[in-house]
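S.K.: After the sequence you'll find the predicted model.
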Amino acid sequence: MKIRCLPALLLPLLSILAGHRSAAQAPEEPGITGMRTEYLERPLGIDAPAPRFTWVFSGTSTGFVPKGFRIRVSEDSTGLRDGGPLIWDGQGTGLVQRAVYAGKPLKPFTRYFWRVHVTGSKGEVIGSPITSFETGMMSSEGWKGAWISDGLGIDQPAAPYIRKSFRLSKTVSSARVYVSAGGLFEMHINGRRVGDHQLDPAYTRFDRRLLYVTFDVTSLLRAGDNAAGFLLGNGWYNHQSMAVWNFDKAPWRNRPAVCADIRITYVDGTTETISTGRDWRTTLSPVIFNSIYTAEHHDARREIPGWSTPGYRDTAWKPVILRSAPAPLIVAQAMHPIRATRAIPAVSVKKWSDTSYVFDIGQNISGVSELRIQGSRGTIIRLKHGERLRSDGHVDQSNIDVHYRPKDDSDPFQTDIFILSGAGEEIFRPRFNYKGFQYVELTSTSPVEVSTGSLTGYFMHSDVPSVGRISSSNPVLDAIWRATNQSYLSNLFGYPTDCPQREKNGWTGDAHIASETGLYNFDGITVYEKWLADHRDEQQPNGVLPSIIPTGGWGYEWGNGPDWTSTIAIIPWNIYLFYGDTTLLATCYDNIRRYVDRITEVSPEGITTWGLGDWVPVKSKTPVDLTSTAYYFKDVEILAKAARILGKNKDAAKYQALAEKIKAAFHRKFYRPERHIYGSGFQTELSVPLHFGLVPDSVRTRVAARLAERVRADGRHIDVGLLGTKSILNALSENGYADLAYEVALQEDFPSWGWWIRNGATTLFENWPVDAQQDISMNHIMFGEIGAWFYKALGGIRPAESHPGFRRVTLTPNFVPGLDRFSAEYTSVRGKIISAWERRKDGIQYRIGVPGGMEASLTLPGTPNQVRITRGGLNLPYRPGMILVPGDYLCTIQE
């Protein structure tokens, strides 16, 4: 194999990656973009006393290499331009694109401005724009509002309205509202909805920690008369629907309540706060039932026009009651919120009769449907949501309602109920619920006429920014990548879930398996940091975690164990690798240690049987002790590394020794030297120890060969379950069998990801047979590791553990037969990495893009006879593992 890296100036002639900037164009001047505080752009209402600042370099093809930075923070933006007073003037050296605030104590309710200047290796200096962040409460002492509710019981089905009129005597300069709720809230001011979030605040362990949300409401207020109001939903706080997980028995359960402060700054500099208290009033709303698990019911005949406007007379409403705070800790919701990110019009509607229709939106999503309809007053519309149809063409819920335990027929599963007022065209869209669906069956008690345009689906999820993109010459590969991302987002609602319909549970095993897929494709750190706080809330004093997080109590006795609840170690570690940020690792360190110590206590010999095992395998079942011990080893290894990083050297030595003990015990128990296999030689039994580093170097090549033989004997198809999907493709591609891994990954008959695509899937399924009789949710992320494998194996993009946060990216692409073109782009915390290759008549042409503030370690397949790398007219010889500085590169590889 001959490899030649051609000058970047030849890129226009080769046109490897359509749509990208040609290297023949003039190089862009270096600049600073992507400025974020706490990984959010211009956040409002953060509580962090020492916020983290990050930035990205742009236009770095000129070869700008940062050597140091200066960051300045001020309460006045002009102070950053003309040398005014600063509250922090910080500096750093090296390839650093992150700083942690270390200035004067931050004040609550204050807007701060910051900018950064970076010095290059040649002495050049580039400056950033000015950006800002605002602090929120900062502590519980900041709250003035009282917790209020309508005083009704937990079984009252109707959602309450709560409102207050007030008068402002001055002109408003700025205004913020800070809101926390037990349950969910939708806020209105002067007849207009506040913000575009959905399902605020996010689900937590409500009796231990609540979140509050901040909105800019300056444009909604005015001098003179004003009104503010809340519609409160149950959410997970007051769960009225019944299922096997006992949501309705949660220890925190209560009628929804709210606490809010509207903090107003006038043009004259004075402030005023309008707070929740005894002077607010309440009545029941037209939302006559709401369950985040099942559906929402709305009676349009009970609409109250103008209920949140200042002119509305609320004399018939009753006073609210005061309530104690649901939790002792109320903190800022510092993460990307849940939003409806995409409207998806129905692609077809089947009319069965003038009272029965079935809509198809063409893809499986998490979210809600919006209906536009006309009909006679009192007509009851039912909207039944499902992922598939029965053979007779009606919606089939048998794959998703199996764990629902209704007490009667008043709360049908995933079925919204809308009672028409008869006042022309009416619009219904749920506020406090989401579902998993592709099909919606409409039935009505009176004749109605609808068309395809009558129904629109809204895709809802945590609105995390996209940071990755895959494209290739194989349409099935591209479809698998899209389906994986659709399932990942469908299962991200302020915490990772397993499915958006049957459960909506934060299953830990599903989440850690899919965490790399999530991080390669989305900027998910804010959601993961919140979810690991949920872990800390749920962990018992002895270190045990439940299998679902958050939980109302279920999951401490079943489904947990190291193969599932290793989230406490794996996710902080992955965040460290992808972001280079030790915050989460440090915050969770004691929790990881207690968890590991608990496993060690019950498994003193180094082998543990605690776990759920390789869930939903194709046919071969791997022993639980093999996979659980592997995850035990992984947790201990992470703990030892974390201890070393955090300067806890005694712990590092202790847990490194424990890791070696577990590794030796694993090898003694499961290795069969006469056959060079582990266990019975199934795919999971071989790939897990290979991928987890449990195989001694002396036999690694032979074990990898046995795995390849096993896969070929299985017809080049997978024979794994949940845990095996994490390891099978990685173990093959990491040990010289990337070609075989690609064959397995892109099969199109049973069992395979491609088999789902060929059967019309737009999301990943829960089971390999599309006609399985159980465990067949059609929007599950648990088999989603393949989405990360595309980046790692085909694109070769990996964070270097020695240089976390992509200070160095490891590029080791595999140019697999059968694939003519592949492109991976990943926008890391340091900028966009490009790894793209194409098979041409003269060989493989491979394009590399390395952003500023980063370096790349390049290793290509084969032994090259000649490599030329040109940057600025300078040719560099290729050698495996060579370091590339920022810039664009193009290699030609003669096969």
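M.R.: Good, I have the coordinates. Numbers count the residues shown, from 1 in each chain.

S.K.: How is A653 assigned, secondary-structure-wise?
M.R.: Under DSSP: H, G, I helix; E, B strand; the rest coil, the three-state class of A653 is helix.

S.K.: cool, R36 as well?
M.R.: Classified using three-state DSSP, R36 is strand.

S.K.: That one is in contact with Q97, isn't it?
M.R.: No: taking contacts as Cβ atoms under 8 Å, R36 lies outside contact range of Q97: 10.6 Å. In short, each C-beta sits where N, CA and C put it, glycine included.

S.K.: of those two, who's got more company?
M.R.: Set side by side, R36 and Q97 show more neighbours around Q97, with 28 against 21, by other Cβ atoms under 10 Å.

S.K.: What is the burial count for the residue nearest to S628 when sequence neighbours are not counted?
M.R.: Leaving aside its chain neighbours, S628 sits nearest to G611 (3.5 Å; criterion: Cβ to Cβ, 6 or more residues apart in numbering). Look at G611: counted by other Cβ under 10 Å, it has 28 neighbours.

S.K.: Identify the residues contacting G611.
M.R.: 561-564, 624, 627-628, 631 (Cβ atoms under 8 Å, 6 or more residues apart in numbering).

S.K.: Out of those, which comes closest to R390?
M.R.: Distance to R390, by Cβ to Cβ, is smallest for W564 among these, at 33.8 Å.

S.K.: so which strand or helix has that closest one?
M.R.: Per DSSP states H and E: W564 is located in helix 562-565.

S.K.: Run through the neighbouring helices and strands of that helix.
M.R.: helix 508-513, helix 624-645 (3 or more Cβ pairs under 8 Å, 6 or more residues apart in numbering; DSSP states H and E).

S.K.: Deepest in the core, which of the ones you listed is it.
M.R.: Using mean count of other Cβ atoms under 10 Å, the stretch among the helices and strands packed on helix 562-565 with the largest mean neighbour count is helix 508-513, at a mean of 26.

S.K.: other SSEs contacting that helix?
M.R.: If you count contacts as 3+ Cβ pairs under 8 Å, 6+ apart, helix 508-513 packs onto helix 562-565, helix 567-579, helix 722-733.

S.K.: out of the ones you listed, which comes closest to F806?
M.R.: Nearest to F806 among those is helix 567-579; the distance by Cβ to Cβ comes to 7.3 Å.

S.K.: How far away from the center of its chain is stretch 386-405?
M.R.: Remark: stretch 386-405 is offset 27 Å from the chain centroid, using Cα atoms, centre = their mean, to the nearest Å.

S.K.: tell me which residues in that stretch are buried?
M.R.: Going by neighbour count (16 or more other Cβ atoms under 10 Å), the buried part of stretch 386-405 is 386-389, 394-397, 399-401, 404.

S.K.: How about stretch 795-812?
M.R.: Quick answer for stretch 795-812 (16+ other Cβ under 10 Å): 795-800, 803-812.

S.K.: Out of those, the closest to L44 would be?
M.R.: Distance ranking of the buried residues of stretch 795-812 against L44, using Cβ to Cβ, places G805 first at 26.0 Å.

S.K.: element containing the closest one?
M.R.: G805 belongs to no helix or strand when elements are defined using DSSP H and E.

S.K.: Just confirm it contacts T582, I think it does.
M.R.: No: counting by Cβ under 8 Å, no contact exists between G805 and T582, whose distance comes to 9.8 Å.
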